[in-house]
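K.L.:
Kindly return the folded structure for what I paste below:
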Amino acid sequence: MPVRSCRVTDVPIEHDVKLQDSLKCVERKGGSPRETSDRLRVREIIGLPNPSRKPYGEQKAKHVMLPSCPSAPAASPSPI
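P.N.:
Numbers count the residues shown, from 1 in each chain. Below is the predicted model:
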């Protein structure tokens with residue numbers, strides 16, 4: 001009898017997780033950039049605010065100081 005190989009992808013798996021354990025996980029700080037972005041994504045999915053963002057009214061405007069440019073010499077008309 002011939003044998004065929006098959007690969008299973010996207011198998012739904014269900015886990016029972018305590019809410020308290022989940023909240024501890026998303027409240028953690030540090031880790032790799034990937035872990036941090038994953039935690040922020042989970043916070044967004046479950047409806048928790050992003051701790052690194054302040055509400056719109058509380059954000060302070062960022063003032064940027066531009067370096068002063070030396071005044072350029074006036075261009076003289078070129079002879080044609």
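K.L.:
Enumerate every residue touching Thr36.
P.N.:
Applying Cβ atoms under 8 Å, 6 or more residues apart in numbering, we find Thr36 in contact with Gly30. C-beta coordinates here come from the backbone N, C-alpha and C atoms, glycine included.
K.L.:
Which helix or strand contains it?
P.N.:
Secondary structure assigned from DSSP states H and E places Thr36 in helix 33-46.
K.L.:
And for Leu23?
P.N.:
Secondary structure from DSSP H and E places Leu23 in helix 19-27.
K.L.:
and that helix, what other elements does it pack with?
P.N.:
Contact here means 3 or more Cβ pairs under 8 Å, 6 or more residues apart in numbering; DSSP states H and E; on that basis helix 19-27 packs against helix 33-46.
K.L.:
Tell me the buried residues in the helix it packs on?
P.N.:
Neighbour counts over helix 33-46 (16 or more other Cβ atoms under 10 Å) mark Arg39, Leu40, Arg43 as buried.
K.L.:
Quick check: the gap between the second one and Gln20.
P.N.:
Look at Leu40 and Gln20: by Cβ to Cβ, to the nearest Å, they are 20 Å apart.
K.L.:
any low-confidence regions in the protein?
P.N.:
53-80 (pLDDT under 70).
K.L.:
rerun at 80
P.N.:
Along the chain, the parts satisfying pLDDT under 80 run over 1-2, 6, 8-9, 51-80.
K.L.:
Quickly find the element holding Ile13.
P.N.:
With the criterion set as DSSP H and E, no secondary-structure element contains Ile13; it sits in neither a helix nor a strand.
K.L.:
repeat for the one 3 residues further on
P.N.:
For Asp16, there is no enclosing helix or strand under DSSP H and E.
K.L.:
Next, give phi and psi for it.
P.N.:
Taking degrees, to the nearest 10, you get phi -100, psi 120 for the backbone angles of Asp16.
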